[in-house]
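*Asks:* give me coordinates for this.
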Amino acid sequence: MAVLKIILTVIFIIISIALTVIILMQEGKSAGLGAIAGAADTYWGKNKGRSMEGRLVTGTKILVVLFVVIAAVLNLGIF
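*Replies:* Down below sits the predicted model:
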């Protein structure tokens, strides 16, 4: 069981570093303030999920779920 805890801890650290990097790569939300002034939808706005920013957001969501699950498993105290 000690080996499993070490493996999960290493994975947890890797996910933490990857999550930090992905969050820092994302643009701020202030870039979308054109909607306040009534700006029309652009091609980028309609296809945001296929862009690099969309992939970063999806990757962030996946890594956050993995982070929370592994943190919960490591803190259960079953190891």
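
*Asks:* contacting residues around the spatially most central residue of the chain?
*Replies:* For the chain, residue 60 is the residue whose C-alpha lies nearest the centre (C-alpha atoms, centre = their mean; 1.2 Å). For residue 60, the contacting residues are 19, 22-23, 26, by C-beta atoms under 8 Å, 6 or more residues apart in numbering. Where you see a C-beta, it was placed from the backbone N, CA and C, and this is true even at glycine.

*Asks:* with residue 63 instead?
*Replies:* Residues near residue 63 by C-beta under 8 Å, 6+ apart: 15, 18-19, 22.

*Asks:* if we can go back for a sec, so which helix or strand takes in the residue nearest to the centre of the chain?
*Replies:* helix 52-75 (DSSP states H and E).

*Asks:* buried residues in that helix?
*Replies:* Residues of helix 52-75 classed as buried by neighbour count (16 or more other C-beta atoms under 10 Å): 56, 59-60, 63, 67, 70.

*Asks:* cool, stretch 8-20 as well?
*Replies:* Neighbour counts over stretch 8-20 (16+ other C-beta under 10 Å) mark 12, 15, 19 as buried.

*Asks:* export those to TSV and tack on secondary structure, pLDDT and distance to residue 3?
*Replies:* Shown next, in TSV, are those (DSSP: H, G, I helix; E, B strand; the rest coil; pLDDT from 0 to 100; distance: C-beta to C-beta, whole Å):
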residue	secondary structure	pLDDT	distance to residue 3
12	helix	98	15
15	helix	98	19
19	helix	98	24
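
*Asks:* want to throw those into CSV with distance to residue 78?
*Replies:* Output for these, formatted as CSV (distance: C-beta to C-beta, whole Å):
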residue, distance to residue 78
12, 15
15, 20
19, 24
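
*Asks:* by pLDDT, rank the contacts of residue 60 and give me the bottom one.
*Replies:* Lowest pLDDT among the contacts of residue 60: residue 26, with 92.
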